[in-house]
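**Student:** Pasting the sequence and the predicted model now:
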Amino acid sequence: MGKRKFTKLVSVLISVLMVASLVAGCGGSGGSQSDVIKLGADLEMTGGNATFGQSATNGAKLAIKEVNAKGGVLGKQLTLVVADNKSEAAEAANAMQKLVTQDKVVAVIAPIASSSVIAAAQVNADNKVLSISPTASNPKVTVDPNTGKVREFNFRGAFIDPFQGSVMATFAQKSLKAKTAAIYIDNSSDYAKGLGQFFKETFEKNGGTIVSNEAYLAKDTDFKATLTKVKAQNPDVIFVPGYYQEVGMIVKQARELGLNVPILGGDGWDSAKLPEIGGAAALNNTFFSNHYSPDDNSPAVKTFVEAYKKEYGQTPDAFAALSYDVTMMVIDAMKRANSADPVKIKDELAKTKDYQAVSGLISFNANHDPVKSAVIIEMKDGKQTFRERVNP
């Protein structure tokens, strides 16, 4: 073989080896060795809580778009891998399994519903990948009730049910002057059961009386028999800590029965579909706790609302805001860790203190729960209006 041909062959072999090396690098865990870093989203894209999951996905995508426009993280672009949990706990575990074992994401925006986060918790823990839910508020999301220990790889962006339940009980008694209350919960939901429990404890502790404690199941459609029983007890207020689909029907049927007292709830009410289901007039004199209001005049809220409207053509709900917040906090933790290693991201996220988020100033406590304020939203003619803010 001539010298010129030999030199050319060596050059070709070197080129082949370099390409092979680059291809191998692209297959690294979590995309951390490639030109992208993958975040996962285990969200309710279909099923009963689909509007929540779709809003949360929009919020996460907006956060990633903004960060990528500024150069990304660690010199790489971020991408969001979305897995639909179909609003079901078992599917949430399957979606988590796919994200952490097949897609190799470095962190997961966890489900909206507490039951689904709890169902998937062992999967992300076993794979040492953090899971942060924008909204799951049941205490079991971050603390294992069987051991009493903090779930090392679970976080949340929402205040927990004891705070939310006590906020609504205090609001009922102080702002609405209620002395008696009925509670009507979704008995298939950890979220609803937790909120109902903490509302009851606070209401009774402050001298109130629970005159009726009733339950329904998700996907029920006829609530009139139970609401007739509630009406007979003549409560000053009714607390319905469920999700918007059933809540809309409950409020509509309550008003049809002449049950016109204030009806209260939690952040599960927050959906543009609530007025469509319940009717704008029926929803007058109803109130729910939430994490932010688009009417808030803070600079962080104004900037976010403008950007979201520009991107999606609609006003962001709390699910979008909280998902944006938790995505940004994960990215902030990644920057502080100077690494896309899932365990290092988790360690830095736990240290988050006084992070200026859209939904307020956030610090994580020892249980991986955020210390933050709540707002009370009043429904007026089908529109959400800011009523008052409650600090922790």
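**Tutor:** Sure, I can see it. Please read these numbers as outputs of a predicted model, since none were measured by experiment.
**Student:** Helix, strand, or coil at Glu348?
**Tutor:** Secondary structure for Glu348, judged by DSSP: H, G, I helix; E, B strand; the rest coil, is helix.
**Student:** ok, it to Lys38 distance?
**Tutor:** 18 Å (C-beta to C-beta, to the nearest Å). C-beta coordinates here come from the backbone N, C-alpha and C atoms, glycine included.
**Student:** again, but for Asn138
**Tutor:** Distance, Asn138 to Lys38, using C-beta to C-beta: 28 Å.
**Student:** try Thr202
**Tutor:** Counting by C-beta to C-beta, the gap from Thr202 to Lys38 is 42 Å.
**Student:** before we move on, the earlier item: okay, Asn138 and Lys38: which has more neighbours?
**Tutor:** For Asn138 and Lys38, the more surrounded residue by other C-beta atoms under 10 Å is Asn138, and the numbers stand at 26 against 20.
**Student:** OK, contacts around that one?
**Tutor:** By C-beta atoms under 8 Å, 6 or more residues apart in numbering, the contact set of Asn138 is Ser114, Ser115, Ile118, Ile160, Asp161, Asp190, Tyr191, Gly194.
**Student:** Find me whatever residue is spatially closest to it, sequence neighbours aside.
**Tutor:** Spatially, and ignoring its direct neighbours in sequence, Asn138 is nearest to Ser114 (3.6 Å; C-beta to C-beta, 6 or more residues apart in numbering).
**Student:** ditto for Thr170
**Tutor:** Per C-beta to C-beta, 6+ apart, closest to Thr170 is Thr202, 6.4 Å.
**Student:** what about the helices in the stretch 101-250 of the chain?
**Tutor:** Secondary structure of the stretch 101-250 of the chain by DSSP state H, counting those that start in this stretch: the helices cover 114-126, 161-174, 190-205, 224-232, 244-256.
**Student:** among those, which is nearest Ser359?
**Tutor:** Ser359 sits nearest to helix 161-174 of all the helices of the stretch 101-250 of the chain, at 13.2 Å, using C-beta to C-beta.
**Student:** Need the CA coordinates for that closest one. PDB is fine.
**Tutor:** Output in PDB follows, covering the C-alpha atoms of helix 161-174 (Å, rounded to 0.1, in the frame of the first residue of the first chain):
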ATOM      1  CA  ASP A 161     -53.700  20.100  53.100                       C
ATOM      2  CA  PRO A 162     -53.500  20.900  56.800                       C
ATOM      3  CA  PHE A 163     -52.700  24.500  55.800                       C
ATOM      4  CA  GLN A 164     -55.300  24.600  53.000                       C
ATOM      5  CA  GLY A 165     -58.000  23.000  55.200                       C
ATOM      6  CA  SER A 166     -57.300  25.300  58.100                       C
ATOM      7  CA  VAL A 167     -57.300  28.400  55.800                       C
ATOM      8  CA  MET A 168     -60.800  27.600  54.500                       C
ATOM      9  CA  ALA A 169     -62.100  26.800  58.000                       C
ATOM     10  CA  THR A 170     -60.800  30.100  59.300                       C
ATOM     11  CA  PHE A 171     -62.100  32.000  56.300                       C
ATOM     12  CA  ALA A 172     -65.600  30.400  56.900                       C
ATOM     13  CA  GLN A 173     -65.600  31.500  60.500                       C
ATOM     14  CA  LYS A 174     -63.900  34.900  60.400                       C
END
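**Student:** How many residues are close by Arg387?
**Tutor:** 18.
**Student:** I should have written Asp186 there, sorry.
**Tutor:** Using other C-beta under 10 Å, Asp186 has 26 neighbouring residues.
**Student:** Same check on Lys174?
**Tutor:** Around Lys174 there are 10 residues (other C-beta under 10 Å).
**Student:** and the chain, what are its domains?
**Tutor:** As recorded under automatic domain parsing, the domains making up the chain are 35-159+296-373, 161-290.
**Student:** right, and these - which one's nearest Lys383?
**Tutor:** Ranking the domains of the chain by proximity to Lys383 (C-beta to C-beta) places domain 161-290 first, at 7.8 Å.
**Student:** Do me a favour and get the end-to-end distance for the closest one?
**Tutor:** Across domain 161-290, the straight-line distance between its terminal residues is 12 Å, by C-alpha to C-alpha, to the nearest Å.
**Student:** What of stretch 311-318?
**Tutor:** With C-alpha to C-alpha as the measure, stretch 311-318 spans 16 Å from end to end.
**Student:** What are the buried residues along it?
**Tutor:** Tyr312, Pro316, Asp317, Ala318 (16 or more other C-beta atoms under 10 Å).
**Student:** Please tabulate those residues in JSON lines and include distance to Ala56, secondary structure and pLDDT as additional columns.
**Tutor:** Formatted as JSON lines, these follow (distance: C-beta to C-beta, whole Å; DSSP: H, G, I helix; E, B strand; the rest coil; pLDDT from 0 to 100):
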{"residue": "Tyr312", "distance to Ala56": "13", "secondary structure": "helix", "pLDDT": "98"}
{"residue": "Pro316", "distance to Ala56": "10", "secondary structure": "coil", "pLDDT": "95"}
{"residue": "Asp317", "distance to Ala56": "9", "secondary structure": "coil", "pLDDT": "92"}
{"residue": "Ala318", "distance to Ala56": "10", "secondary structure": "helix", "pLDDT": "91"}
